[in-house]
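**Student:** Requesting a structural model of the entry that follows:
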Amino acid sequence: MNAQKIFTYTAIVLAVIGLILQVIILNQGDDVIKLNALSGDYGVVSTMITLALLVFAITVVITLVFSFGNLVSDAKKLKKALISIGAFVAVVLVAFLFSTGTETPLKDGNTLSAAASRLIETGLRTFYFLVFIAVGAMLYTGIARLKK
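**Tutor:** So this is what the prediction gives:
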């Protein structure tokens, strides 16, 4: 049995399980699910979430395996991928170095730690840097085409 058939049968089985769980959830109704959740019994909803996480994990693993397998087969693709990953890590590192963390009180009474604040700021700065780089690259290529 080849890999395509295994993936197809696995997808069908997971889809049927998800469909059965969905029908059970719809038959129970919102009120029953809410009352059960208040008593700590999440039942079928918890099973559905576990199934969704399983499908997500399978998807990520298969994607990484086949992507890595495709990169290993071609040295030029692997070199370009490693350069791209290195550039992304450099952008994140620069964003981290420019970020500062301050302890912040939250609305619910808890406190956001300085480390968590710095990581959030790093994520925002990374996003801004990448947007700036993308817009700059588009402007550069547009101007270069106009000059020709």
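**Student:** for stretch 126-146, which positions count as buried?
**Tutor:** The neighbour-count check on stretch 126-146 (16 or more other CB atoms under 10 Å) flags residue 126 as buried. No exception for glycine: its C-beta is placed from N, CA and C like everyone else's.
**Student:** Please enumerate the strands of the chain.
**Tutor:** 104-105, 111-112 (DSSP state E).
**Student:** Relative to residue 82, which of the ones you listed is closest?
**Tutor:** strand 111-112 (35.1 Å; CB to CB).
**Student:** what lines up beside the closest one in the sheet?
**Tutor:** With DSSP bridges as the test, strand 111-112 is paired with strand 104-105 (antiparallel).
**Student:** so how far is the partner strand from its chain's centroid?
**Tutor:** Put simply, strand 104-105 sits 27 Å off its chain's centre (CA atoms, centre = their mean, to the nearest Å).
**Student:** would you list the strands of the chain in JSON lines and tack on mean pLDDT and distance to residue 79?
**Tutor:** Output for the strands of the chain, formatted as JSON lines (pLDDT from 0 to 100; distance: least, CB to CB, whole Å):
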{"stretch": "strand 104-105", "mean pLDDT": "86", "distance to residue 79": "42"}
{"stretch": "strand 111-112", "mean pLDDT": "88", "distance to residue 79": "41"}
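**Student:** C-alpha coordinates for stretch 14-25, PDB please?
**Tutor:** C-alpha atoms of stretch 14-25 as PDB (Å, rounded to 0.1, in the frame of the first residue of the first chain):
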ATOM      1  CA  LEU A  14     -10.700  11.400  10.700                       C
ATOM      2  CA  ALA A  15     -13.400  13.100   8.700                       C
ATOM      3  CA  VAL A  16     -16.000  10.500   9.600                       C
ATOM      4  CA  ILE A  17     -15.000  10.700  13.300                       C
ATOM      5  CA  GLY A  18     -15.300  14.500  13.100                       C
ATOM      6  CA  LEU A  19     -18.700  14.300  11.400                       C
ATOM      7  CA  ILE A  20     -20.000  11.900  14.000                       C
ATOM      8  CA  LEU A  21     -18.800  14.200  16.800                       C
ATOM      9  CA  GLN A  22     -20.300  17.200  15.100                       C
ATOM     10  CA  VAL A  23     -23.700  15.500  14.800                       C
ATOM     11  CA  ILE A  24     -23.600  14.500  18.500                       C
ATOM     12  CA  ILE A  25     -22.700  18.100  19.500                       C
END
